[in-house]
Every structure is written in structure tokens, then in C-alpha cells.
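Trainee: got a predicted model here, sequence first, then my questions.
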Amino acid sequence: MTTQKSLSIYSRLIPFWTVIVSMIFAGAAFGQGNVPWLRTGSFEAGGFVGGSYGIVNAQYMVGGNLTVAATPRILPYVEYTYLPGVAFPKVSVPAGDTYMTNRSASFSDFHGGLHIRLPIHESPVVPYLVVGAGVLTHFQQSFTVTVTPPGGTPFPLTQTVPAGSDFAFNAGFGIRYYLRSERFGFRTEAKFYKPVGTYNSVFGKAEFGFFYQFH
């Protein structure tokens, strides 16, 4: 079941990966000037919007990040993302009972990691790899649960799920498109998360945003 779910997540991201690859080849063919220059120690700040996939139906998400150039190719970063309604809540019901909830749990993701730039010669398009690790926090929330005993009649039950945090690893791939100033540009990225703890299902997210570099 887990393997099938993971494959489903990746298949949903195929159109996004196709756009990324197409933009890379387009940038290589129609690039302008030299590879965007990045000075060691410079900062980059940006925001993004997008969608999350995999645990429940697709949901929007929003966030921002800050990077600093350790080298022209290696950019350590910190990132915050709000992911609303991405997981079925973990509630307590008697053994053998099934249940449905009126809504899903939301996550607040804070993590750090690395962007590894892969510049293309004479192109404003710069692909990069991303790898990170951090904490997915779920806040205390109350849910209406419809419980169905084996062979019995469904009945409503209100439950409060306590707040908690789970460690999560993430990795993926993206591209930056630099405008002529080389300070401002756009960024698009897709990656998967693997939480460990109360919520441990693999899910993915795809995002699009902007960035500004402070040289």
C-alpha cells in the first residue's frame, strides 16, 4: 500500500517535472549572457505558493525561505511552509471500529537544508538539487468523527487531537530563472517529504515563487 501511494505521488508530479525539464532545455538553447553570478556570503530571500499531494487530496500551501551562499554553488537555507489539511487526524476509537472525520490536520513545516546549484553555460536558467530536514508541527485541533462499530449504527464523536511535532526528511529538484539584473528572479521546485512519527506517510509538494538576492 505504501509503495502504491508513493508511486501515485510521483505520478502526480510528472507534469511538474516535465515543465522543469522543458525550461532547462529552453534556457540552454536561448540563454542570454553568462551564468548568473553569485558572490559567496550573499543572501537570497523569497516567497512561494503551491500545492501538496499524497496524504489526502491536493491542498494549497504557502511559505518563504532565506538562503546564504556558502559558495557560488552551495546555498544553505531555512524555510517555513504552512500546509493546511494535509493529513487525516490520528484519533482514538475502539478496536474494530472505523471512522471518518469532517476535516484533515494541518502542518506547519520548518526545516533547513541545502540548494546545490547546477549552472548551465550561458543560460539564465539554473537547475538545483535540494535536500533538507526539519520538523512538521501539527497544532491542537478538534474534529467531528463519525464512528461506525462493526455491524452497528454510525454515531458522531468530537475529539481533540493534541499538538505535536514529527521529524521529516525532504529532497527534490528545482530551477531558478534569473532576470537580467541577476538579483531578482523566479523559482519553481518539486520535492517529497518523509515524516517519522505520528504522521509517517510520504507526501510531495510543488511550488512556484520569486526571489531577490542581496549581493
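Mentor: Here it is on my side, so go on.

Trainee: contact partners for residue 137?
Mentor: 107, 108, 109, 110, 163, 164, 165 (CB atoms under 8 Å, 6 or more residues apart in numbering). Just so you know, the C-beta spots here come from the backbone N, C-alpha and C atoms, and that holds for glycine as well.

Trainee: redo the residues you listed as CSV? Include pLDDT.
Mentor: CSV is the format used below for those (pLDDT from 0 to 100):
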residue, pLDDT
107, 87
108, 92
109, 94
110, 96
163, 86
164, 88
165, 91
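
Trainee: by neighbours, which of those wins?
Mentor: With neighbours taken as other CB atoms under 10 Å, the top of the contacts of residue 137 is residue 107, carrying 27 neighbours.

Trainee: if I look at that one, how far off is residue 168?
Mentor: 9 Å (CB to CB, to the nearest Å).

Trainee: who touches both of these two?
Mentor: Joint contacts of residue 107 and residue 168 (CB under 8 Å, 6+ apart) are residue 136.

Trainee: quick one: low-confidence parts of the chain?
Mentor: With pLDDT under 70 as the threshold, the chain has low-confidence stretches at 1-37, 54-57, 95, 102, 181.

Trainee: related to what we said a few turns ago, the contacts of residue 137 in strands, which ones?
Mentor: 107, 108, 109, 110, 164, 165 (DSSP state E).

Trainee: in TSV: those, plus distance to residue 212.
Mentor: Converted to TSV, the ones in strands among the contacts of residue 137 look like this (distance: CB to CB, whole Å):
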residue	distance to residue 212
107	27
108	24
109	22
110	21
164	35
165	31
